[in-house]
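In: how would this look folded up:
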Amino acid sequence: MMPTEMEAREISRAEESSSLLARGSAILLGALMMTWPAFYNGFPLLYPDSMTYLGDGAVVARKLFLHQSANYYGMRSFFYSLGILPLHWNATAWPVIAFQAILTAYVLWLVVRSILPGRMVAAYLALIGALSLLTSLSWYVSIVMPDITGPLLYLGFFLLVFAPESLSRPERVMVGGIACWAVTCHATHLILATGLCGVLTGMMVVQRRPVQRIVRSAGEMAGILAVAAAAQLALYGYLYGTPSLNGERPPYLMARMVADGTGKKYLEQHCGEERWALCNRLQNLAGDADHFLWDADGGWGGASAEDQKEVRREEMPLVLATIWAYPREQFGKSAGAFWQQLQAFGVEDLDPSSWVAEQFETVLPRARGHYLASRQARNALHVEGFTAFQIWVVRSSLVLLIAFPPLVWRRVSSRLIGLSVVVTFDVFANALVTGTMSMVDERYGSRVIWMVPFLIGLFVLEWFSARGSSAERVNAEVAAGRIAQHQ
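Out: So this is what the prediction gives:
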């Protein structure tokens, strides 16, 4: 007996509801798996910068909504600080980790679904489980830092360019919103996203995609970048009276050139004829960017507020003058830093910090005791072993990267090719930007390197999916042949 039209609609709604429940449950379970380092630690993971992100949001919010000015607002992304402020309210950082985990799980779900539409839940959970245990993904979801938003931005661009058909209108809005916020969360994200926008637009042109499709995809990416840049200019202009993209950030690029030796060399040779703010602090210019920026006897860290302002103003003129004076030497230094950063992707920057413990009094006063009882505060995280293991995982992934594409090349989707371009660009561009413009740091590489095993996992799953489909077709043909013989 055939069901009536009303019964068919009820069955369809029930199936859709069941499917939504399954998808939601998978995303939540994936998010939970990605937070295991925080639970293992007994507290959300913290980096010294985490305390400024947690503390600056309230200061900026008071200026925005209560018009209460302050002498100092901070030096890092106010958009990340404002974004997480409603989650912690200077009480607990756990909701921040939950938020990052759900956002990450959601974006990864959309990416996996765009490439492997069949057997989604099983493939997604298997891949997320492996990434959470074997790579740095879960560690950067579990730390109060904007580092995880970078990969979400790059994967968002992938979805908008290569898989827009897989997204519903609400999903496109969500992806665009996440990407726009992510651009503002860290100074490097705008640089990397702009480069990725150019690469993906060029790729669409080379592939001879319809002009309307190119214009739409490129327009979406450019629109996200424009909105993010406008928001930064407006906010920093309101706070400081002068529009800028970074506010009163430390002179990272100058610190890099001092660490390279070229910046100090230029000053030593030209301070007699040119007047730079750092000329009075030549003896403090050690060959280390961290020392220059943060130590009391450093070139910038130990300077007065007025001198720091002058050093920031002179940063780009001094950098350009140094490059002009020693182009070959600086190119060699930058190339070496890029290569070092490309190979640096350990999880080793989570040592206990007395400064972090002290900041709890003003940032999260009620959570200080919980932090002091954590493994991180007791130096018992054992991240060295995980770092060694991740190096092995990444190397194995690179071997598979060489092995698997030829096996699936005839069947590989254009989306998987597009994701390969996105991941490759971002790993190399991230090393170039951070290594040459800031400093070589394990954290900078580790926050994106998990995308390589993620890509390989999708290649492997695509291969098994293709083999399964071929086997099903063969079995169907054999069965059809047997039926024909009996007839």
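In: and the average pLDDT for the helix or strand hosting Phe464 is what?
Out: Element membership for Phe464, per DSSP states H and E: helix 451-486. For helix 451-486, mean pLDDT rounds to 63.
In: now name the helix or strand holding the most centrally placed residue in the chain.
Out: The centroid of the chain falls nearest to Gly150 when counting by C-alpha atoms, centre = their mean (2.2 Å). Assessed by DSSP H and E, Gly150 sits inside helix 149-162.
In: picking that back up, from what I can see the residue nearest to the centre of the chain touches Ile191, true?
Out: No - using C-beta atoms under 8 Å as the test, Gly150 is too far from Ile191 to be in contact (10.8 Å). To be clear about C-beta, it is placed using only N, CA and C from the backbone, and glycine gets the same treatment.
In: let me see the backbone angles for Ile143.
Out: When read as degrees, to the nearest 10, the backbone of Ile143 gives phi -110, psi 140.
In: please tell me how far the closest residue to it other than its chain neighbours sits from Val96.
Out: Residue nearest to Ile143 in three dimensions, not counting chain neighbours: Leu45, with 3.9 Å by C-beta to C-beta, 6 or more residues apart in numbering. According to C-beta to C-beta, to the nearest Å, Leu45 and Val96 sit 11 Å apart.
In: which residues do those two both contact?
Out: Val144 (C-beta atoms under 8 Å, 6 or more residues apart in numbering).
In: ok, back up a step: tell me who's in contact with the residue nearest to the centre of the chain.
Out: Contacts for Gly150 (C-beta under 8 Å, 6+ apart) come out as 182, 185-186, 188-189, 192, 426, 430, 447-448.
In: so where's this structure uncertain?
Out: 1-18, 403-412, 466-487 (pLDDT under 70).
In: any idea how it splits into domains?
Out: 20-249+351-486, 253-333 (automatic domain parsing).
In: right, and those - which one's nearest Leu342?
Out: Nearest to Leu342 among the domains of the chain is domain 20-249+351-486 (4.1 Å), distances taken as C-beta to C-beta.
In: pull the distance from that closest one to the chain's centre.
Out: 5 Å (C-alpha atoms, centre = their mean, to the nearest Å).
In: give me the number of residues near Ala163?
Out: Neighbour count for Ala163, taken as other C-beta atoms under 10 Å: 20.
In: quick check: which element contains the closest residue to it other than its chain neighbours?
Out: Nearest non-adjacent residue to Ala163, counting by C-beta to C-beta, 6+ apart: Ser114, 3.7 Å away. Per DSSP H and E, Ser114 falls inside helix 94-115.
In: tell me what the next helix or strand after that helix is packed against?
Out: Going down the chain from helix 94-115, the next helix or strand is helix 120-134, by DSSP H and E. On a contact count with 3 or more C-beta pairs under 8 Å, 6 or more residues apart in numbering; DSSP states H and E, helix 120-134 meets helix 5-33, helix 94-115, helix 137-141, helix 383-408, helix 451-486.
In: residues in contact with the next helix or strand after the first one?
Out: So that's helix 5-33. Note on helix 5-33: by DSSP H and E, the next helix or strand toward the C-terminus is helix 36-41. Helix 36-41 has contacts (C-beta under 8 Å, 6+ apart) with 44-45, 94, 97, 132-133, 138-139, 142, 374-376, 381.
In: from those residues, pick the one nearest Leu20.
Out: Checking the contacts of helix 36-41 against Leu20 with C-beta to C-beta, the nearest one is Ser132 at 23.7 Å.
In: count of neighbours near the closest one?
Out: Neighbour number of Ser132 under other C-beta under 10 Å is 23.
In: hmm, Met34 and it touching each other?
Out: Yes - taking C-beta under 8 Å as the definition, Ser132 is a contact partner of Met34 at 5.1 Å.
In: who touches both of the two?
Out: Common neighbours of Ser132 and Met34 (C-beta under 8 Å, 6+ apart) are Ser138.
In: follow-up on the earlier one: got a markdown table for the domains of the chain, with distance to Gln340 too?
Out: Formatted as a markdown table, the domains of the chain follow (distance: least, C-beta to C-beta, whole Å):
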| stretch | distance to Gln340 |
| --- | --- |
| domain 20-249+351-486 | 5 |
| domain 253-333 | 11 |
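In: for these, which one sits closest to Trp339?
Out: Of all these, domain 20-249+351-486 sits nearest to Trp339, with 8.0 Å by C-beta to C-beta.
In: my read: Leu432 touches Trp339, true?
Out: No - using C-beta under 8 Å, Leu432 is not in contact with Trp339, being 10.0 Å away.
In: show me which of the two is the more surrounded one.
Out: The residue with more neighbours, out of Leu432 and Trp339, is Leu432; 20 against 14, by other C-beta under 10 Å.
In: secondary structure element holding that one?
Out: Applying DSSP H and E, one finds Leu432 within helix 414-437.
In: what packs against that helix?
Out: helix 94-115, helix 149-162, helix 187-206, helix 252-260, helix 327-342, helix 442-449, helix 451-486.
In: out of the ones you listed, flag the one nearest Ala61.
Out: With respect to Ala61, and counting by C-beta to C-beta, the nearest of the helices and strands packed on helix 414-437 is helix 94-115 at 15.6 Å.
In: need the CA coordinates for the closest one. PDB is fine.
Out: Extracted C-alpha coordinates of helix 94-115, given in PDB (Å, rounded to 0.1, in the frame of the first residue of the first chain):
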ATOM      1  CA  TRP A  94      36.500  27.100  29.000                       C
ATOM      2  CA  PRO A  95      33.700  28.500  26.800                       C
ATOM      3  CA  VAL A  96      36.400  30.000  24.500                       C
ATOM      4  CA  ILE A  97      37.800  26.500  23.900                       C
ATOM      5  CA  ALA A  98      34.300  25.100  23.300                       C
ATOM      6  CA  PHE A  99      33.600  27.900  20.800                       C
ATOM      7  CA  GLN A 100      36.900  27.300  18.900                       C
ATOM      8  CA  ALA A 101      36.200  23.600  18.800                       C
ATOM      9  CA  ILE A 102      32.700  23.900  17.400                       C
ATOM     10  CA  LEU A 103      33.800  26.400  14.700                       C
ATOM     11  CA  THR A 104      36.700  24.200  13.700                       C
ATOM     12  CA  ALA A 105      34.500  21.000  13.700                       C
ATOM     13  CA  TYR A 106      31.900  22.800  11.600                       C
ATOM     14  CA  VAL A 107      34.300  24.100   8.900                       C
ATOM     15  CA  LEU A 108      36.000  20.700   8.700                       C
ATOM     16  CA  TRP A 109      32.600  19.000   8.300                       C
ATOM     17  CA  LEU A 110      31.800  21.300   5.400                       C
ATOM     18  CA  VAL A 111      35.100  20.500   3.700                       C
ATOM     19  CA  VAL A 112      34.900  16.800   4.200                       C
ATOM     20  CA  ARG A 113      31.300  16.800   3.000                       C
ATOM     21  CA  SER A 114      32.300  18.700  -0.200                       C
ATOM     22  CA  ILE A 115      34.800  16.000  -1.100                       C
END
